[in-house]
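**Q** The following block contains a protein sequence and its predicted model.
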Amino acid sequence: MMMDYQELYRATLSKWGKEAQYDQAVEECAELIASLKHLKRGKVEEEVIIEELADVTLMVGQLTYMFGEERVQKAVERKIIKLRALLESDSGI
């Protein structure tokens, strides 16, 4: 699903640095959180959520690039195992 944006990520890191990218990630996540709360109250359309999701997706890609794709993928796999276990325990399987 994720395209290869490594050159873009490398350029953003080179231009603005790690600390700025951490701050940007926090800001984008906060905007998504706020938008979801507004959607719940009927104050924004779904398109706003889609735009915020796109921003967060790009920042997750940037952070993944920064911390190492292999490390992140291994963590995701561990979380999937835990999620499956939770689903099985809740459903009685």
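**A** Yes, it's here.

**Q** C-alpha only now, for contacts and for neighbours.
**A** OK.

**Q** which residues in this protein form helices?
**A** Secondary structure of the chain by DSSP state H: the helices cover 6-40, 46-67, 69-91.

**Q** Okay, Arg10 and Asp4: tell me how far apart.
**A** Relative to Asp4, Arg10 is positioned 11 Å away (Cα to Cα, to the nearest Å).

**Q** Comparing the two, which residue is more hemmed in?
**A** Arg10 (14 against 9; other Cα atoms under 10 Å).

**Q** By mean pLDDT, which helix or strand of the protein comes out lowest?
**A** Ranked by mean pLDDT, DSSP states H and E, the weakest helix or strand in the chain is helix 69-91, scoring a mean of 94.

**Q** I'd say Leu53 and Ala30 touch.
**A** No. Leu53 lies out of contact with Ala30 (Cα atoms under 8 Å); the separation is 11.1 Å.

**Q** Look at the two and report which has more neighbours.
**A** Leu53 (18 against 14).

**Q** From Tyr65, how far out is Tyr5?
**A** In terms of Cα to Cα, Tyr5 sits 9 Å off from Tyr65.

**Q** Once you drop chain neighbours, what's closest to Glu52?
**A** Nearest residue to Glu52, sequence neighbours excluded (Cα to Cα, 6 or more residues apart in numbering): Leu32, at 5.2 Å.
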